[in-house]
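Enquirer: give me the fold of what follows.
(2 chains)
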Amino acid sequence: MVQPLNYLKESPSQTAGPYVHIGCTPNFAGLHGVYDKDLGAGPMVNDNTRGERITIRGFVYDGVGNALKDALVEVWQADADGFYNSPSETRGTADPNFFGWARCPGDMTTGEFVFETIKPGQVPFKDGRLMAPHISFWIVARGINIGLNTRMYFSDEEEANAVDPILSRIEHRMRVPTLIGQRDGDILTFNIHLQGEKETIFFDV
Amino acid sequence: MKNTLPETTPFFARDRDWHPPAYTPGYKTSVLRSPQRALISLEGTKSEITGPVFGHNTLGEFDNDLIINFAQPGESAIGERIMVYGRVLDERGRGVPGALVEFWQANAGGRYRHKKESYLAPLDPNFGGFGRTITDDDGNYAFRTIKPGPYPWPNGVNDWRPAHIHFSVFGHGFAQRLITQMYFEGDPMIWLCPIVKTIPDEAAIRSLVAALDMNASIPHDLRAYKFDIVLRGRRSTLFENRLEGN
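Expert: Below you'll find the predicted structure:
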C-alpha cells in the first residue's frame, strides 16, 4: 500500500450539443432581453487598441466537406506586443484596450465565423525562443465530444514560422499548412477541417 | 485571487481515457466530426497557461435565476423548482475563484427555446433556459431554475436525452476551457443515452450526476442539487524558478 495522492479527476467533457447558442450566444439565437450583448461578440478592437487591424474568416468543415452550421469558435490571443490580458501574464502589462478573447457562432445559413482583431505580437516558448505570431482556437459543436484546440499562424510570417518551436517539430510537414491562415490584404482565411485529407492539426494542450 | 501569487505553471496532462474519445459511432453525429489523426501534444506555453478573466460587472442581476430571468413581471417558469449549487475546483482540490460558469437547458417539458428545435412539447413563455454566474473566492456558485424534462432526439429511432443541464466553464487558463453536462440523481434515462455513453468509464459518468441535497433545500420552495465541477490542475510551483520562460 502507498499513500493516496488525493487528486480529483477533471469533469469529463460532453458535447456542446445543437443548442449551445442558447447558453453562450443567446442574442444570436434570438433570445433577447436577458443579456445586453452576447459575451465575446463583435469586434475585439476599439479605437485605442494598439496594433494592425485584421479580419479572420473561415468555416468549420466535417469529414465530407460540409460546413458546420452549429459550431461555436473561441479565440485567445496576445496583444500587439505579445502580452496576454490575464493575471497569469507576468512579463508585462497587456494593452488595456484589448481583451484578447472572443467567441463567434458559425452563421446559421452559411456556417462562416468572423473575428475582427489585431495581429498578435510574439510570445516566448518556455525556453525563451520566440513563437511565431499565432492565435489559439477552441472549437465545439454538436458531434464534437471534447473541445478541439488548434492554432492559427500567419502566412506573411514565413521566417518566424520556419523557426517556431511548435511548427518546426511537426513530423508530417505536409500537414503544417493546416495551421496557417492565408493572408490577403487585411483578411486572413482560416478554414478548419475536422476530418479527411485536409484534417487540421489539433493539439493536446 | 487576492493575496496569491500569479498562476504561471502549465496544467496537468489531460487524461484522455477519462474523457469521451472523438469517434463514438453510437452518437452518430460524431462520425463525420471526429478528427482521425493523433492530437499533437503541446506542453502548455503562455498561450495555454493564460486565459481571459471576467469581472462581476459582466453579470446582470437575474443572470443566475432562470425561474424569472425570462419571465414576464410577476410570473415565473413552470416546473419543479430547484437550486443547483456546488464548487468549481481544480484537480488539486482547490476552489477556483472568479470562474465564469454558463448554463443552458430545456424547459420542464423537454423543449428548448431554439429556432432549430421542433419537439412537440410546448414552449413556456416565461422560460428562456439560460443563465450564468461567477464563482466566489472559494469557488462556490449557485443558480435557481426548474428541472428540465427529458426529450427525444434524432439518433436511434427512439433515443431520449436524460434530464440534463449544459455547463460551459472558464478557469484561469485557456487550456482549462470545458463544456460538459449535469445529470440528475436517480434518473434511469442516464444509462440509456448514447451521448452519456460516449464516456467510457462508469465512474466518470457518475461524476456528472448531481446529488439531491435535502439539507440545502428550502422548505415549501425548492429542492437543491449539488454539482461540483473539476477543472484541470496546475503543476507545482515549488521549483518554478528553475524553468525559463515561465
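Enquirer: is the spatially most central residue of chain A in a bridge, and if so with what?
Expert: By CA atoms, centre = their mean, chain A has its centre lying nearest to residue A:137, at 1.7 Å. Bridge pairing for residue A:137 (DSSP bridges) gives the partners residue A:75, residue A:150.
Enquirer: is it true that it touches residue A:149?
Expert: Yes: Residue A:137 is in contact with residue A:149 according to CB atoms under 8 Å; the separation is 7.1 Å. Where C-beta positions appear, they are placed from N, C-alpha and C, glycine not excepted.
Enquirer: anything in contact with each of those two?
Expert: Shared contacts of residue A:137 and residue A:149 (CB atoms under 8 Å, 6 or more residues apart in numbering or on different chains): none.
Enquirer: pull the contacting residues for the residue nearest to the spatial centre of chain B.
Expert: Nearest residue to the geometric centre of chain B (CA atoms, centre = their mean): residue B:167, 2.3 Å. Contact partners of residue B:167, counting by CB under 8 Å, 6+ apart, are B:101-103, B:178-182, B:229.
Enquirer: can you narrow the residues you listed down to the ones near chain A?
Expert: Taking CB under 8 Å from any CB of the partner chain as the test, chain A is in contact with B:102-103, B:178-181, B:229 out of these.
Enquirer: in helices, which of these appear?
Expert: Among these, no member is found in helices (DSSP state H).
Enquirer: need the residues you listed in a markdown table with neighbour count, distance to residue B:135 and pLDDT, can you?
Expert: Output for those, formatted as a markdown table (neighbours: other CB atoms under 10 Å in any protein chain shown; distance: CB to CB, whole Å; pLDDT from 0 to 100):
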| residue | neighbour count | distance to residue B:135 | pLDDT |
| --- | --- | --- | --- |
| B:102 | 21 | 12 | 98 |
| B:103 | 25 | 13 | 98 |
| B:178 | 24 | 14 | 98 |
| B:179 | 25 | 17 | 98 |
| B:180 | 25 | 16 | 98 |
| B:181 | 23 | 19 | 98 |
| B:229 | 25 | 9 | 98 |
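Enquirer: neighbours of residue A:14, how many?
Expert: As a burial measure, residue A:14 scores 25 neighbours (other CB atoms under 10 Å in any protein chain shown).
Enquirer: any idea how far residue B:129 is from it?
Expert: 17 Å (CB to CB, to the nearest Å).
Enquirer: and residue B:215, that one's in a strand?
Expert: Yes: assignment of residue B:215 by DSSP: H, G, I helix; E, B strand; the rest coil places it within a strand.
Enquirer: OK, contacts around it?
Expert: By CB under 8 Å, 6+ apart, the contact list for residue B:215 reads residue B:224.
Enquirer: same question, residue B:148
Expert: B:79, B:105-108, B:110, B:129, B:163-165.
Enquirer: now do 7 Å
Expert: B:105-108, B:110, B:163-165 (CB atoms under 7 Å, 6 or more residues apart in numbering or on different chains).
Enquirer: narrow the residues you listed to those in strands?
Expert: B:105, B:164-165 (DSSP state E).
Enquirer: got a winner among those residues for most neighbours?
Expert: Counting neighbours by other CB under 10 Å, residue B:105 leads these with 29 neighbours.
Enquirer: in the sheet, who's paired with it?
Expert: Going by DSSP bridges, residue B:105 forms beta bridges with residue B:165.
Enquirer: that one contacts residue B:161, correct?
Expert: No: between residue B:105 and residue B:161 there is no contact under CB atoms under 7 Å: 10.7 Å.
Enquirer: what about residue A:63, how many residues nearby?
Expert: Neighbours of residue A:63 under the rule other CB under 10 Å: 17.
Enquirer: secondary structure class for it?
Expert: coil.
Enquirer: and it, what does it touch?
Expert: Contacts of residue A:63 (CB under 7 Å, 6+ apart): A:194-196, B:32.
Enquirer: between these, which has the most around it?
Expert: residue A:194 (26 neighbours).
Enquirer: right, and that residue touches residue A:65 too?
Expert: No: Residue A:194 lies out of contact with residue A:65 (CB under 7 Å); the separation is 10.4 Å.
Enquirer: now the common contact residues for those two.
Expert: Joint contacts of residue A:194 and residue A:65 (CB under 7 Å, 6+ apart) do not exist.
Enquirer: now, the most widely separated pair of the contacts of residue A:63?
Expert: A:196 and B:32 (8.9 Å; CB to CB).
Enquirer: please enumerate the helices of chain B.
Expert: B:46-49, B:202-206.
Enquirer: please apply the same query to chain A.
Expert: For chain A, the helices defined by DSSP H occupy A:20-24, A:158-162.
Enquirer: quick one: which of the ones you listed is nearest residue B:16?
Expert: So among the helices of chain A, helix A:20-24 is nearest, using CB to CB, at 22.2 Å.
Enquirer: which other helices and strands contact that closest one?
Expert: strand B:100-105, strand B:164-169 (3 or more CB pairs under 7 Å, 6 or more residues apart in numbering or on different chains; DSSP states H and E).
Enquirer: other residues contacting it?
Expert: Counting by CB under 7 Å, 6+ apart, A:28-29, A:31, A:72, A:103, A:105, A:140, B:102-104, B:112-114, B:129-130, B:166, B:168 sit against helix A:20-24.
Enquirer: make it 6 Å
Expert: A:28-29, A:72, A:105, B:102, B:104, B:114, B:129-130, B:166, B:168 (CB atoms under 6 Å, 6 or more residues apart in numbering or on different chains).
Enquirer: among those, which ones are buried?
Expert: For those, a neighbour count by 16 or more other CB atoms under 10 Å in any protein chain shown gives the buried set as A:28-29, A:72, A:105, B:102, B:104, B:114, B:129-130, B:166, B:168.
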